[in-house]
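Visitor: sequence and predicted structure are below.
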Amino acid sequence: RRVRYYLPTRDDRNQPDPLDWPALAERLHATPQVLCVVNLTRQAATLWEELCRRLPERERPIHLSSAMCPAHRLALIYLIKRRLKAGRPCRVVSTQIIEAGVDVDFPVVWRAVGPLDAIVQVAGRCNREGRLPAGEMHVFQPAEAKLPGALYEAAAGQAAIQLARLATRGDVEELLATAPTVFADYFHALWQTVPTDKDNIQEDRKWLRFRTVAEKAKVIKDDTRPVIVPIGKARRIIRELRDRQSQPGRPRFTRDDLRRVQRFMVNVRSPRFRALEVQQLIRPLLPNLDLHVLNDGLYHRDLGLVIEQR
């Protein structure tokens, strides 16, 4: 009950009115402290750029996505908390990366239509401390309707149906806050339309085909490769590792070293990684070590790994 939900307006055919990025940027521009969560990294970058055109440098918006390394994201989350606590303007455009496990408290939140559980999850970043009678949680239909994948798309479609039904009943925030049947109905309808064993994994398990099961049971289907981005402390760590002399009986690169550089890694899809190799835009951290460092100039101070955005 900490938020009031505002659902997409609907046209004469009862279809949600789409909101394009310039129009959404105008609304975010009018709100000094606001979080907006979209479905794709590219969309976050586009909306951030639209918002930048409307704001002075001193109120520069903040962007968060998986195109940024963990150290960069953590530094920005710390900055967000400082701005919010001081009552300063703080406009944030993010992907789903902020939906869980990030303790921030915005008076106003916008969320592109997505899975119902994701919408309610991001509502947890709105009026989180209960300082307001009610925060504003706006759900909108982007004009650019592209979504991350088939399952996500099905979940977003089912969420739109469920929210439209709730809107006809009136008290949306009360139902989302207190009625467990809302989510029971949502997931029941979702799993009726989405195959839960499309790769026939259960049949392979039944016949003990463990190798086949292992090949099929990938949570993330797209193979990715990490690259180290040379920003901040990472530059010193990279230089130290490359200057380190080999010693008999001791590895030149250890698990502790890996933990140090992991904070500065970004995952790149394999085709893009191979393109970076061909163009000589990445170099091995050390000889005979399958870990690469991104060249200078490809990591944007606000957007992260820019080459992934285009």
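Guide: Now that the structure is in, tell me what you want to look at. Numbers count the residues shown, from 1 in each chain.
Visitor: export stretch 247-264 to PDB, keeping only CA atoms.
Guide: Below are the C-alpha coordinates for stretch 247-264, written out as PDB (Å, rounded to 0.1, in the frame of the first residue of the first chain):
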ATOM      1  CA  GLN A 247      58.300 -17.100 -10.200                       C
ATOM      2  CA  PRO A 248      59.200 -20.800 -10.300                       C
ATOM      3  CA  GLY A 249      56.400 -22.900  -8.700                       C
ATOM      4  CA  ARG A 250      54.000 -20.000  -8.400                       C
ATOM      5  CA  PRO A 251      51.200 -19.000 -10.900                       C
ATOM      6  CA  ARG A 252      51.400 -15.600 -12.400                       C
ATOM      7  CA  PHE A 253      47.700 -15.100 -12.100                       C
ATOM      8  CA  THR A 254      45.700 -16.400  -9.100                       C
ATOM      9  CA  ARG A 255      42.100 -16.700  -7.900                       C
ATOM     10  CA  ASP A 256      42.600 -13.600  -5.800                       C
ATOM     11  CA  ASP A 257      43.700 -11.700  -8.900                       C
ATOM     12  CA  LEU A 258      40.500 -12.900 -10.700                       C
ATOM     13  CA  ARG A 259      38.400 -11.600  -7.800                       C
ATOM     14  CA  ARG A 260      40.100  -8.200  -8.100                       C
ATOM     15  CA  VAL A 261      39.400  -7.800 -11.800                       C
ATOM     16  CA  GLN A 262      35.900  -9.200 -11.700                       C
ATOM     17  CA  ARG A 263      34.500  -5.900 -10.400                       C
ATOM     18  CA  PHE A 264      35.700  -4.400 -13.700                       C
END
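Visitor: what does it rub up against?
Guide: Identification of contacts with stretch 247-264 by CB atoms under 8 Å, 6 or more residues apart in numbering yields 69-71, 228-234, 237-238, 241, 244, 246, 285-286, 289, 291. C-beta coordinates here come from the backbone N, C-alpha and C atoms, glycine included.
Visitor: cool, stretch 125-133 as well?
Guide: For stretch 125-133, contacts defined as CB under 8 Å, 6+ apart pick out 2-3, 35, 98-99, 102-109, 134-137.
Visitor: now, of those residues, which are buried?
Guide: Buried by 16 or more other CB atoms under 10 Å: 2-3, 35, 98-99, 102, 104-109, 135-137, out of the contacts of stretch 125-133.
Visitor: related to what we said a few turns ago, in strands, which of the contacts of stretch 125-133 appear?
Guide: Here DSSP state E is the test, and those give 3, 35, 108-109, 135-137 as lying in strands.
Visitor: show me which of the residues you listed is closest to residue 94.
Guide: residue 35 (6.7 Å; CB to CB).
Visitor: ok, now which ones touch the closest one?
Guide: With contacts defined as CB under 8 Å, 6+ apart, residue 35 is in contact with 92, 94, 98, 104, 106, 108-110, 122, 125-126.
Visitor: ChimeraX command for the buried members of the contacts of stretch 247-264?
Guide: In ChimeraX syntax, the buried subset of the contacts of stretch 247-264 is picked out as below (16+ other CB under 10 Å):
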select :69,71,228,229,230,231,234,237,238,241,285,286,291
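Visitor: just the helices in the stretch 101-250 of the chain please.
Guide: Ranges of helices in the stretch 101-250 of the chain, per DSSP state H, counting those that start in this stretch, are 116-123, 150-169, 172-178, 180-193, 201-206, 210-216, 233-243.
Visitor: what is the third one packed up against?
Guide: When you say that, I think you mean helix 172-178. Contacts defined by 3 or more CB pairs under 8 Å, 6 or more residues apart in numbering; DSSP states H and E place helix 172-178 against strand 3-6, helix 150-169.
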